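*Asks:* predicted model follows, preceded by the sequence.
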Amino acid sequence: MPAPTRVTAATLAACLALIVVMAAQTPDPQALGPRVGERVPDFNLPDQHGTTRSLRSTFGPKGAVLVFFRSADW
C-alpha cells in the first residue's frame, strides 16, 4: 500500500496561482457575440437537412430571433 502523500504549501500556492491565471484569461460571456437589438450581417448556412438558408429567408412579419446553442455532444 503506498504511503499517503503530503501536499506542501508551495504546491497549494502553485495550484491557486494557476487557477487565478486561468480565471483571468476567461473571456466575459456578456462581451461575446452580438448584443440584443444589434443587427447581424446576412449569412447563408445549411440547415439540418442540407438546404441552404439565409438570414433573410427566416424573417417573418416581426423579424427573426436568433438562438445560438452549443452542446457538448456536437
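*Replies:* That came in fine, so what should we check first?

*Asks:* got the CA coordinates for the helix or strand bottoming out on mean pLDDT in the chain in CSV?
*Replies:* The helix or strand with the lowest mean pLDDT-type score in the chain, counting by mean pLDDT, DSSP states H and E, is helix 9-25 (a mean of 78). Extracted C-alpha coordinates of helix 9-25, given in CSV (Å, rounded to 0.1, in the frame of the first residue of the first chain):
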residue,chain,number,x,y,z
ALA,A,9,2.2,24.9,1.0
ALA,A,10,4.2,25.5,-2.2
THR,A,11,2.1,23.0,-4.1
LEU,A,12,-1.1,24.6,-2.9
ALA,A,13,0.2,28.1,-3.7
ALA,A,14,1.1,27.0,-7.2
CYS,A,15,-2.3,25.4,-7.9
LEU,A,16,-4.0,28.6,-6.6
ALA,A,17,-1.9,30.8,-8.8
LEU,A,18,-2.7,28.6,-11.8
ILE,A,19,-6.4,28.9,-11.1
VAL,A,20,-6.2,32.7,-10.7
VAL,A,21,-4.3,33.0,-14.0
MET,A,22,-6.8,30.8,-15.9
ALA,A,23,-9.8,32.7,-14.5
ALA,A,24,-8.2,36.0,-15.6
GLN,A,25,-7.9,34.7,-19.1
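
*Asks:* contacts for the following helix or strand past it next, please.
*Replies:* Next in sequence after helix 9-25, counting helices and strands by DSSP states H and E, comes strand 44-46. Residues outside strand 44-46 that contact it (Cβ atoms under 8 Å, 6 or more residues apart in numbering): Thr52, Arg53, Ser54. Using the backbone N, CA and C atoms, a C-beta is placed for each residue, glycine as well.
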